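**Student:** The amino acid sequence is not available; the structure is as follows:
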């Protein structure tokens, strides 16, 4: 299974099921410890329109 291309929802579902590899990929990709999800604000930076 390729976790690096897995969509966010599928990745989170696998984490909830207890998959540690999915958890590690989530933390690597979004640079947020899984334990902090829901406790810190997340913003997506968009490029300004010119």
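**Tutor:** Yes, it's here. Quick caveat, the model's predicted, so the values are computed rather than measured. Numbering: from 1, shown residues only.
**Student:** mind checking how far the longest helix along the chain is from the chain centre?
**Tutor:** Scanning the chain for the longest helix, with DSSP state H as the assignment, gives helix 20-30. Chain-centre distance of helix 20-30: 6 Å, with Cα atoms, centre = their mean, to the nearest Å.
**Student:** what's the model's confidence in that helix, averaged?
**Tutor:** The average pLDDT within helix 20-30 is 92.
**Student:** any low-confidence regions in the chain?
**Tutor:** Applying pLDDT under 70 to the chain picks out residues 40-45, 48-50.
**Student:** element containing residue 11, please.
**Tutor:** Assigned by DSSP states H and E, residue 11 belongs to helix 8-16.
**Student:** Can you point out the buried residues in that helix?
**Tutor:** Within helix 8-16, the residues that count as buried by 16 or more other Cβ atoms under 10 Å are 11-12, 14-15. The C-beta positions use only the backbone N, C-alpha and C, and glycine is treated the same way.
**Student:** Remind me what it packs against, helices and strands.
**Tutor:** Applying 3 or more Cβ pairs under 8 Å, 6 or more residues apart in numbering; DSSP states H and E, one finds that helix 8-16 makes contact with helix 20-30.
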